[in-house]
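Chemist: Let me see the structure of the following:
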Amino acid sequence: MPAPSSVSMDRIAAAFEFACNAHKGDTRKGTAIPYMVHPMDVASLLLKSGAPEVVVIAGFLHDVVEDTDIPLGAIRKMFGEKVAKLVEGASEPETLKKDPDKKGTWRKRKQHTIEFIEGASREARMLSCADKVANLTDMLTERPAKGEAMWAKFNAPKEDQGRYYRGLLKAFATGPESIADLPMHALMRECVESLFGKRA
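Modeler: Here you go, the predicted model:
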């Protein structure tokens, strides 16, 4: 599906620059890959899916509040309320974010994400799905070299990861805001089945 003609590349470029500055010096978990590769992947998936401009912009910015010291208000001021709402929805609640026990709170954090998606707008679901597809694609790229040892860097074992991603697949396809019609959702299903196996 082609990108909508209403997409402003100037605003998207501004979001890219904002995210680059926010994530400067950061790397992807367990790698030396610059962190910005991930938001670039997310925004690219959204553009290819014909997502509205605000969703593409949020794709670049979705991890800024959760992973840096930049407040949501800075995003709201520069990119508007709609983008800020999408970024807020993609960020973990402050109480969970501040908990240092990431492994201990993993299930609670992921259950919160699934419950949020079940009641989320189509735009918020598109953003989250693109994020998850980008993560899953990275795992598939890494798997040939690391095999099952790849899972050691995560805060939960492979089995729990599989349950989480399958739960999200179902949530994305629930209700009137379903994105099950998008190729991006089908791609996520393919990635999940490749990584965690098909359900009997």
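Chemist: Only C-alpha atoms from now on, for both contacts and neighbour counts.
Modeler: Will do.
Chemist: for the chain, what spans make up the helices?
Modeler: 9-22, 37-48, 53-61, 64-67, 72-79, 81-90, 94-97, 106-118, 122-146, 158-172, 183-196 (DSSP state H).
Chemist: ok, residues contacting the fifth one?
Modeler: Read it as helix 72-79. V65, V83, A84, V87, E88 (Cα atoms under 8 Å, 6 or more residues apart in numbering).
Chemist: what comes up buried for it?
Modeler: Buried residues in helix 72-79, counting neighbours by 16 or more other Cα atoms under 10 Å, are found at L72, I75, F79.
Chemist: Repeat that for the longest one.
Modeler: Taking 16+ other Cα under 10 Å as the basis for neighbour counts, the residues of helix 122-146 that come out buried are 122-137, 139.
Chemist: Pull the residues that contact that helix.
Modeler: 38-39, 41-43, 45-46, 51-52, 55-56, 58-59, 86, 89-90, 117, 150, 172, 177-179, 184-185, 187-188, 191-192, 195.
Chemist: Return the helix or strand in the protein with minimum mean pLDDT.
Modeler: Here the helix or strand of the chain ranked lowest by mean pLDDT, DSSP states H and E is helix 94-97, holding a mean of 69.
Chemist: Narrow the contacts of helix 122-146 to those that are buried.
Modeler: 38-39, 41-43, 45-46, 51-52, 55-56, 58-59, 86, 89-90, 117, 172, 177-179, 184-185, 187-188, 191-192, 195.
Chemist: what about the closest residue to A19 other than its chain neighbours, neighbour count?
Modeler: For A19, ignoring the flanking residues on the chain, the nearest one in space by Cα to Cα, 6 or more residues apart in numbering is L61 at 5.7 Å. The local packing of L61 (other Cα atoms under 10 Å) involves 29 other residues.
Chemist: With I57 instead?
Modeler: Neighbour tally, I57, other Cα under 10 Å: 32.
Chemist: Return the distance of it relative to Y164.
Modeler: I57 sits 26 Å away from Y164, going by Cα to Cα, to the nearest Å.
Chemist: cool, and A173?
Modeler: 15 Å.
Chemist: Name the residue in those two with the higher neighbour count.
Modeler: Set side by side, A173 and Y164 show more neighbours around A173, with 19 against 16, by other Cα under 10 Å.
Chemist: Can you say which two of the contacts of helix 72-79 are spatially most distant?
Modeler: The span of the contacts of helix 72-79, defined through Cα to Cα, is set by V65 and V83 at 12.2 Å.
Chemist: separation between K103 and T27?
Modeler: In terms of Cα to Cα, K103 sits 20 Å off from T27.
Chemist: Also E193?
Modeler: 27 Å.
Chemist: any weak-confidence spans in the chain?
Modeler: 1-6, 96-100, 102, 200 (pLDDT under 70).
Chemist: do that again at 90, thanks
Modeler: Where the chain drops to pLDDT under 90, the residues are 1-9, 28-33, 92-105, 153-155, 198-200.
Chemist: Spatially central, which residue of it would that be?
Modeler: The chain has D131 as the residue nearest its centroid, 2.3 Å off, counting by Cα atoms, centre = their mean.
Chemist: can you count the residues close to the closest residue in space to A90 that isn't next to it in sequence?
Modeler: Nearest residue to A90 in three dimensions, chain neighbours excluded: H62, at 6.0 Å (Cα to Cα, 6+ apart). By the criterion of other Cα under 10 Å, H62 has 27 neighbours.
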